[in-house]
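# No sequence on hand, only this structure:
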């Protein structure tokens, strides 16, 4: 089987052009067509020789995901159901800021997810496969093409656990960050992990200033295992030590995502445990009232409970915000992505 062209790194493209007897600048042209210009086919690449385009088309297929559905929320959020060349589907969410000056894409890193978190629709589907770097970047390129504007921020908070697909995710982040790729600043690029400790250690060593969020959702071990059973190999004390090392190495703040579930992880004991976990960490807490998913028994915490948590964490010097959840009416909000058509097909 021929290798898809988007499986090649920038250095791989340079080697390929050399093998094909092409001047070195062809690799740069090809790379820019694939990403910054978002070419849909080799025929779009008008400054490449026709003979080269024909050879590439035959030996190194250029796949572009198909948009099976685009749903638009009442709040302006767009959710795309994308299908890759092998029939695998993922969902991608584009979120314009309310003042219109930013466009954030929440991208997927795996088709499905192996983590099986109890509150997440994606986790109930299991893992189909990892996405390649090119397939991850294609999500952002597709949003830019369909919405006719530049994406300013990206977050790896869609389907999948990014740190279980580390090499492909990092490759994608570098294309997204590269001036000849999508040109999005590293500090505007974030990935979210359930707490895969070896991956956090690797991420701390990367030279770019990408940012890190951790899906915490409970700071009591038994509660966390009830909600996130596949994190059993990464207990909270060890997770905290890995984050201390990450902060020491990078001097960057970590964001904790915490879904608020009535009567499950929002008790006074849960709040005390969270405050203790955050001691000594350079961190920010993002509280997220749980979004509804089919057949789930979980309900969002009461507003008074959330207000209490914000006040109490603030009193302890921890910056805490309430997530402005977007796209819930099209099943595009946190925890709702499930590769389904909103019109029920």
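On my side now, so go ahead. Keep in mind that this is a model prediction, so the values were computed, not measured. Numbering: from 1, shown residues only.

# ok, how many other residues are close to residue 175?
Other residues within reach of residue 175, judged by other CB atoms under 10 Å, total 25. Placement of C-beta: from N, CA and C, glycine included.

# Looks like it contacts residue 133 (just checking).
Yes. Counting by CB atoms under 8 Å, residue 133 is a contact partner of residue 175 at 6.5 Å.

# For the helix or strand encompassing residue 259, which strands pair with it and how are they oriented?
For residue 259, the host element (DSSP states H and E) is strand 254-260. Based on DSSP bridges, the strands next to strand 254-260 in the sheet, each with its direction, are strand 211-215 (parallel), strand 283-289 (parallel).

# Now the element after the shortest one, going C-ward?
Going back to what we said before, that points to strand 211-215. The helix or strand immediately downstream of strand 211-215 is helix 221-227, counting by DSSP H and E.

# who does that next one touch, helix- and strand-wise?
With contacts taken as 3 or more CB pairs under 8 Å, 6 or more residues apart in numbering; DSSP states H and E, helix 221-227 sits against no other helix or strand.

# mind listing what's buried in that helix?
By neighbour count with 16 or more other CB atoms under 10 Å, helix 221-227 contains the buried residues 223, 224, 225, 227.

# about what we covered before: looking at the strands paired with strand 254-260, spot the one closest to residue 143.
Of all the strands paired with strand 254-260, it is strand 211-215 that lies closest to residue 143, at 19.9 Å by CB to CB.

# Need the residues that contact the closest one.
Here strand 211-215 makes contact (CB atoms under 8 Å, 6 or more residues apart in numbering) with 117, 155, 157, 186-187, 189-195, 200, 203, 228, 239, 243, 246, 252-257, 286.

# again, only using 6 Å
In this structure, residues lying in contact with strand 211-215 by CB atoms under 6 Å, 6 or more residues apart in numbering are 190, 192, 193, 194, 195, 254, 255, 256, 257.

# Also stretch 173-185?
Contacts of stretch 173-185 with the rest of the structure, by CB under 6 Å, 6+ apart, involve 32, 35, 137, 154, 186, 189, 210.

# Nearest to residue 71, out of the strands paired with strand 254-260?
strand 283-289 (20.8 Å).

# C-terminal to that closest one, what's the next element?
Following strand 283-289 in sequence order, the next helix or strand is helix 303-315 (DSSP H and E).

# so what secondary structure elements neighbour the next helix-or-strand element following that next one?
Of the helices and strands lying after helix 303-315 in sequence (DSSP H and E), the nearest is strand 319-322. For strand 319-322, the elements it packs on are strand 283-289, judged by 3 or more CB pairs under 6 Å, 6 or more residues apart in numbering; DSSP states H and E.

# Distance from the strand it packs on to the middle of the chain?
In terms of CA atoms, centre = their mean, to the nearest Å, the centre of strand 283-289 is found 17 Å from the chain centre.

# Which positions in that strand come out as buried?
Those buried within strand 283-289 under the rule 16+ other CB under 10 Å are 283, 284, 285, 286, 287, 288, 289.

# so the fifth one sits right up against residue 319, yeah?
No. With contact defined as CB atoms under 6 Å, residue 287 does not reach residue 319; the gap is 11.5 Å.

# Next, residue 191: secondary structure please.
Reducing the assignment to helix, strand or coil with DSSP: H, G, I helix; E, B strand; the rest coil, the entry for residue 191 is strand.

# Could you double-check that it sits in contact with residue 163?
No. In terms of CB under 6 Å, residue 191 does not count as a neighbour of residue 163; the distance is 7.5 Å.

# what is residue 300 paired to in the beta sheet?
Beta-bridge pairing for residue 300 (DSSP bridges): residue 261.

# pLDDT wise, what is it at?
We note a pLDDT of 93 for residue 300 in this prediction.
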